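Student: coordinates for the following, if possible.
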Amino acid sequence: MTTGGFTSEQLALEEQILVLPHLDIKDAVEIGEIGATIARRENLPISIRVQMGEWIVFHIAMPAAEESQTSWITRKARVVLATGHSTIFERVQAEEQGRDWYADHNTTEEIFAIHGGGVPLNVSGVSGIGLKGILLISGLPQVEDHLLCVRIITEFLARVGENQ
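Tutor: Numbering: from 1, shown residues only. Next comes the predicted model:
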């Protein structure tokens, strides 16, 4: 199974748990730097992007990353911006319901990518898809991309908790 055995219910709960107390450009850059530190330490051939809405505030390609990762990240970002959910949530939910996500959204895989590695940065008390941030990773198998996003957000939340 390419989606790690996740259920849409588990992934929806994960989005409700991984909520940031705030998100500004300093936070977005810190989230990106946490990812870059992990990638350097583990020698991961990935690209990492953090967006606030459509504004790209952090982007880095690690050694051995590939140029095509930028396209994957852009396509994943479109999914999160359009739905407010993680890319893997959208994929798993479509699979559970036996739906063609691309047909349902009148688009193609060349424009959108429901592959793991795009996670909304939900902020406590903030609603509306366009007001959130997005953490995006490409370069690993999709479940690993997603799990790395979760790991990065968890590390950021731990740091924020220590400073309060």
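
Student: ok, which stretches of the protein are strands?
Tutor: Remark: strands assigned in the chain by DSSP state E are 47-52, 55-61, 118-121, 133-138.

Student: residues touching the shortest one, excluding its own?
Tutor: So that's strand 118-121. Around strand 118-121, the neighbours that count as contacts under Cβ atoms under 8 Å, 6 or more residues apart in numbering are 15, 18, 20, 23, 28, 31, 50, 73, 76-77, 79-80, 84-87, 132-136, 146, 149-150, 153. Every C-beta, even on glycine, is put in place using the N, C-alpha and C of the backbone.

Student: residue 94 contacts residue 114, doesn't it?
Tutor: Yes. Residue 94 is in contact with residue 114 according to Cβ atoms under 8 Å; the separation is 6.8 Å.

Student: more crowded one of those two?
Tutor: Ranked by neighbour count (other Cβ atoms under 10 Å), residue 94 and residue 114 place residue 114 first, with 26 against 18.

Student: just to revisit the earlier point, tell me which of the strands of the chain sits nearest to residue 38.
Tutor: When those are compared by Cβ to Cβ, strand 47-52 sits nearest residue 38, at 9.2 Å.

Student: sorry, back to before: out of the contacts of strand 118-121, which are buried?
Tutor: Buried by 16 or more other Cβ atoms under 10 Å: 18, 20, 23, 28, 31, 50, 73, 76-77, 79-80, 84-87, 132-136, 146, 149, 153, out of the contacts of strand 118-121.

Student: just the ones in helices from those, please.
Tutor: Counting by DSSP state H, the buried ones among the contacts of strand 118-121 place 28, 31, 73, 76-77, 79-80, 87, 146, 149, 153 in helices.

Student: I'd like those residues as a markdown table, with distance to residue 40 and pLDDT appended.
Tutor: Formatted as a markdown table, those follow (distance: Cβ to Cβ, whole Å; pLDDT from 0 to 100):
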| residue | distance to residue 40 | pLDDT |
| --- | --- | --- |
| 28 | 19 | 97 |
| 31 | 15 | 98 |
| 73 | 19 | 98 |
| 76 | 22 | 98 |
| 77 | 23 | 97 |
| 79 | 27 | 96 |
| 80 | 25 | 95 |
| 87 | 24 | 97 |
| 146 | 20 | 97 |
| 149 | 17 | 98 |
| 153 | 18 | 97 |
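
Student: noted, bye for now.
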